[in-house]
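>>> Okay, structure incoming, though there's no sequence with it:
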C-alpha cells in the first residue's frame, strides 16, 4: 500500500469515479465484451450477436459489482463499422454504464462514437485509444464528434521499459490535451506476460508525476502466452490471473480491463480495495462513498 505525494486527479465518467489516492475510490473494472472469439458473436466480422446472452452477462457482472461496491465500465470490442454501430447501440440501451469504445480502425472507432453522439451519450463514452500511432486527423475527427474522454495507450516499441512508458505518457498526454481531450486515462499496455511488473513500477512513477488515473489489462496474456497454463486446473489458472491484478492494485492502479465473464476478478478486487482502504486510514484517507468495498465486502 502507498500514498502519492502528488495530488491525484479524480475523473468522473457516467457517474463512475476513477483516480484519487489509494483508499479513496475503488478500482474500476472495465469488462470486455464481443472480443475476438467471443461466442456471443455470430462470427468474427458479424454484427449479429446473442442479445439475450450478452444482456445476461452484463447483468450478472453488474449485480456482483454492486453487491461488493466495485464500479463497472463496459468495454465494447468492435472489428467492423456494422459491429461498432450495433454493439455500441446495444451497450447504451441495455445499461447505464460508461462505455469504452474499442475499434480496430479509425473508421470503426468513429462509427462507434457517432452512434453515441446521435443518442446524446457522448459523455458516457471513452475513446480507445490515443497512442504514438494514432494520426492527428483521427484525433481531430474524434473531438469533432463531441468526445472529450480518452484512453491513452503507453506503447513504446522502441523502448518497452519503465522509462519508455513514462516518456510516452508525458508526450501523449500533452498531445491529447492539445486536441481538446479533457478526461484522460492511462493504459500502461501489457504486451507480454512479464509486463505486469514493468507496468507496476511505471504506474507509480507516472502517477507521482502526472497524477492521472492509470491501469491496464493484466490477465489477457495468461490465456495466450502462459505456456505452462495447461499444467494447472481452470481454478488454479484463475488464481494466477487474479494475483496479477491484485498486485497492481497495491501499486496504485485505478482500473483494470478484463474479460467481463471472468467473474472471479470481482470479489478479489473488492477484497483488496477494502484492505487498502482500511490501511489508508493510517494517513487519514477515507473512502469517498459509503458504497466503497470497505463497507460492502465484509458485511
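Happy to help now that I have it. The shown structure was predicted, so the numbers you read here are calculated from the model rather than taken from an experiment. Numbers count the residues shown, from 1 in each chain.
>>> List the buried residues of stretch 229-248.
229, 237-238, 241-242, 244-248 (16 or more other C-beta atoms under 10 Å). Glycine gets a C-beta too; all of them are placed from N, C-alpha and C.
>>> typed the wrong thing, it's stretch 269-284
Neighbour-count burial for stretch 269-284 flags 269-277, 279-280 (criterion: 16+ other C-beta under 10 Å).
>>> what do you get for stretch 90-97?
Buried residues in stretch 90-97, defined by neighbour count with 16+ other C-beta under 10 Å: 90-92, 95, 97.
>>> go on, stretch 37-52?
Using 16+ other C-beta under 10 Å as the test for burial, stretch 37-52 gives 38, 40-41, 47, 49.
>>> any weak-confidence spans in the stretch 151-299 of the chain?
The stretch 151-299 of the chain contains no residues with pLDDT under 70.
>>> circling back to that earlier point, residue 119: which of the buried residues of stretch 229-248 is nearest?
residue 245 (32.0 Å; C-beta to C-beta).
>>> outside of stretch 161-181, which residues touch it?
127, 130-132, 136, 139-140, 142-143, 147-150, 152-156, 158-159, 184, 186, 188-189, 198-199, 201-202, 205-206, 209-210, 212 (C-beta atoms under 8 Å, 6 or more residues apart in numbering).
>>> before we move on, the earlier item: okay, the buried residues of stretch 269-284 in JSON lines with secondary structure and distance to residue 4 next?
Below are those laid out as JSON lines (DSSP: H, G, I helix; E, B strand; the rest coil; distance: C-beta to C-beta, whole Å):
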{"residue": "269", "secondary structure": "helix", "distance to residue 4": "20"}
{"residue": "270", "secondary structure": "helix", "distance to residue 4": "22"}
{"residue": "271", "secondary structure": "helix", "distance to residue 4": "22"}
{"residue": "272", "secondary structure": "helix", "distance to residue 4": "18"}
{"residue": "273", "secondary structure": "helix", "distance to residue 4": "16"}
{"residue": "274", "secondary structure": "helix", "distance to residue 4": "20"}
{"residue": "275", "secondary structure": "helix", "distance to residue 4": "18"}
{"residue": "276", "secondary structure": "helix", "distance to residue 4": "13"}
{"residue": "277", "secondary structure": "helix", "distance to residue 4": "15"}
{"residue": "279", "secondary structure": "helix", "distance to residue 4": "15"}
{"residue": "280", "secondary structure": "helix", "distance to residue 4": "11"}
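>>> Take the buried residues of stretch 90-97 and write them to a markdown table, including distance to residue 33 and pLDDT.
Below are the buried residues of stretch 90-97 laid out as a markdown table (distance: C-beta to C-beta, whole Å; pLDDT from 0 to 100):
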| residue | distance to residue 33 | pLDDT |
| --- | --- | --- |
| 90 | 9 | 98 |
| 91 | 8 | 98 |
| 92 | 13 | 97 |
| 95 | 11 | 96 |
| 97 | 11 | 98 |
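>>> got the contact list for residue 210?
Counting by C-beta under 8 Å, 6+ apart, the residues that residue 210 touches are 6, 169-170, 173, 186.
>>> Now residue 74. Its backbone dihedrals?
phi -90, psi 120 (degrees, to the nearest 10).
>>> Actually, residue 234.
Dihedral angles for residue 234 - degrees, to the nearest 10 - are phi -60, psi -40.
>>> Repeat that for residue 189.
For residue 189, the backbone dihedrals (degrees, to the nearest 10) come out as phi 60, psi 80.
>>> which one is it nearest to, not counting chain neighbours?
Nearest non-adjacent residue to residue 189, counting by C-beta to C-beta, 6 or more residues apart in numbering: residue 155, 4.7 Å away.
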